[in-house]
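**Q** got a predicted structure plus its sequence, pasted below:
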Amino acid sequence: MTVSAAENRLVDLREVTKPMRRVAFFAAFDELQTGEALLIVNDHDPMGLFHYLQIAIPGDFTWEYVERGPNEWRVRIGRISS
């Protein structure tokens, strides 16, 4: 399945307090329709989020690094089904 990125779906997690980052991510992810994606920006590698998604919604997301540090990470995350 091809997942398209919506340019206006940018979630800059650096602007969110650490305890609220996962909440902010899922608020944006839940708005995605099948085949859509968002781009997250973070100040560290969000592998913890990747592992959480593998448990919470296995097989229902795509994960593509756009930029890998050292100061900024950008990851395109798509929804496979809704």
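**A** Thanks, I have it.
**Q** can you give me the helices for the protein?
**A** Secondary structure of the chain (DSSP state H): helices at 21-29, 47-56.
**Q** could you list the residues in contact with stretch 71-82?
**A** For stretch 71-82, contacts defined as C-beta atoms under 8 Å, 6 or more residues apart in numbering pick out 1, 3-5, 14, 29, 32-46, 53, 59-67. For every residue, glycine as well, the C-beta is placed using N, CA and C.
**Q** now it: buried residues?
**A** 73-79 (16 or more other C-beta atoms under 10 Å).
**Q** for the residues you listed, which one is nearest residue 10?
**A** residue 74 (9.1 Å; C-beta to C-beta).
**Q** need the pLDDT of that closest one.
**A** On pLDDT, residue 74 comes in at 97.
**Q** pLDDT score for the residue of the chain most remote from its centre?
**A** Within the chain, residue 70 marks the point farthest from the mean C-alpha position, 18.2 Å out by C-alpha atoms, centre = their mean. Residue 70 is assigned 95 on the pLDDT scale.
**Q** same check on residue 82?
**A** 67.
**Q** hang on, residue 46 packs against residue 39?
**A** No. Assessed by C-beta atoms under 8 Å, residue 46 is found out of contact with residue 39, at 11.8 Å.
**Q** who has more neighbours out of the two?
**A** Ranked by neighbour count (other C-beta atoms under 10 Å), residue 46 and residue 39 place residue 46 first, with 23 against 20.
**Q** how close does the more buried one sit to residue 34?
**A** 22 Å (C-beta to C-beta, to the nearest Å).
**Q** and what of residue 81?
**A** Relative to residue 34, and taking C-beta to C-beta, residue 81 is found at 5 Å.
**Q** with residue 13 instead?
**A** From residue 13 across to residue 34, the span is 24 Å (C-beta to C-beta).
**Q** equivalent analysis for residue 40, please.
**A** Taken as C-beta to C-beta, the span from residue 40 to residue 34 is 19 Å.
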